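[1] kindly generate the corresponding structure for this input.
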Amino acid sequence: MSGNVSVKASGRGASGGFAKAGSRLFAKTVSLGYIAASFALLIALWWGAAALSGVSEALFPTPAGALSGLWEIICDGSLTEHIIFSMYRFFAGFLTAVAAAVILGLVFGWFTPLWRLANPVVQLLRPISPIAWMPFIVLAFGIGDIPAIVIIFIAAFFPVFLSTVAGVRSVPEIYLKVADNFGVGRIEIFWKIIFPAAFSQIVSGVHLALGTAWVFLVCGEMVGAQSGLGYLIIDARNNLRNDLLAADIAVIGLIGFLLNAGIELIEKRFLKRWGLA
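    Numbers count the residues shown, from 1 in each chain. Now for the predicted structure:
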């Protein structure tokens, strides 16, 4: 009798597992379908706008013209080269900014007098566009990769820093009291309690910083670089190659989309690890 019960229970468990796997697969398929439909709608609108504008394709390229230009810069290797330069600058500035902003945000959010002292200065500097600092950045670091990296750092730092401070200051007091009663050390409190509790707000800041930093990377390369996706825009414009210009814009948007998807994947992994998913 008990054997029959265990067999039935295991059967129900297996069927439940298959049902959950099928449900997850269906949800992913639907999500991918929406993404494909969204991109298809965008391309259709682009094609319709180009066809109805009455403007020469040399000035307003169709998706087919942009695809032809994209294939040209893929075949000659220039697109890969510019992407490598841009990604190096982006990750150097963005990852440095996120690391510095999270560490400083945890410290300033924890020590209230320190945050009250720094807050007015932060609110004064935060609204200033990173591009406004370009003359001083070039004066300090010269031309090359460093100015673009510094601009990305400035663009990414403040959203993550402010989100981290807000996340730390919103941690429920009961968490800290329980940790203190169990004799948890300060470092463990930061890593095992404060950081996980503030993680959702930190990630919101990282999402915002990602888009901002990617935009200002292109702006920085358009102003003071001789390589990268931003420079490719200026080069295509100067050579009256709007097909290459459209292709480069599409590549910039696609890479930004993939970077955002990567951040979301990392977020889900951490939330699942901490039981917050």
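[2] identify the residues contacting the most centrally placed residue in the chain.
    The centroid of the chain falls nearest to L210 when counting by C-alpha atoms, centre = their mean (3.3 Å). Applying C-beta atoms under 8 Å, 6 or more residues apart in numbering to L210 gives the contacts 94, 156, 256, 259-260, 263. Bear in mind the C-beta positions are built from the backbone N, C-alpha and C, glycine included.
[3] of the residues you listed, which is the most crowded?
    Greatest neighbour count in these, by other C-beta atoms under 10 Å, goes to A156: 31 neighbours.
[4] go ahead and confirm it touches F94.
    Yes - with contact defined as C-beta atoms under 8 Å, A156 reaches F94; the gap is 5.1 Å.
[5] overlap of the contact sets of these two?
    Joint contacts of A156 and F94 (C-beta under 8 Å, 6+ apart) are 209-210, 213.
[6] put together TSV for those, with secondary structure, pLDDT and distance to I252 on each row.
    Output for those, formatted as TSV (DSSP: H, G, I helix; E, B strand; the rest coil; pLDDT from 0 to 100; distance: C-beta to C-beta, whole Å):
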residue	secondary structure	pLDDT	distance to I252
A209	helix	91	17
L210	helix	91	13
A213	helix	90	13
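[7] if we only consider the residues you listed, which is nearest to A44?
    Nearest to A44 among the shared contacts of A156 and F94 is L210, at 27.8 Å by C-beta to C-beta.
[8] tell me the spacing between that closest one and F257.
    11 Å (C-beta to C-beta, to the nearest Å).
[9] which residues in the stretch 151-277 of the chain form strands?
    Under the criterion DSSP state E, counting those that start in this stretch, the stretch 151-277 of the chain carries no strands.
[10] so where's it uncertain?
    For the stretch 151-277 of the chain, residues meeting the criterion pLDDT under 70 lie at 182-186, 224, 274-277.
[11] so how far is stretch 40-50 from its chain's centroid?
    26 Å (C-alpha atoms, centre = their mean, to the nearest Å).
[12] same deal with stretch 42-59?
    So, by C-alpha atoms, centre = their mean, the centroid of stretch 42-59 is 30 Å from its chain's centroid.
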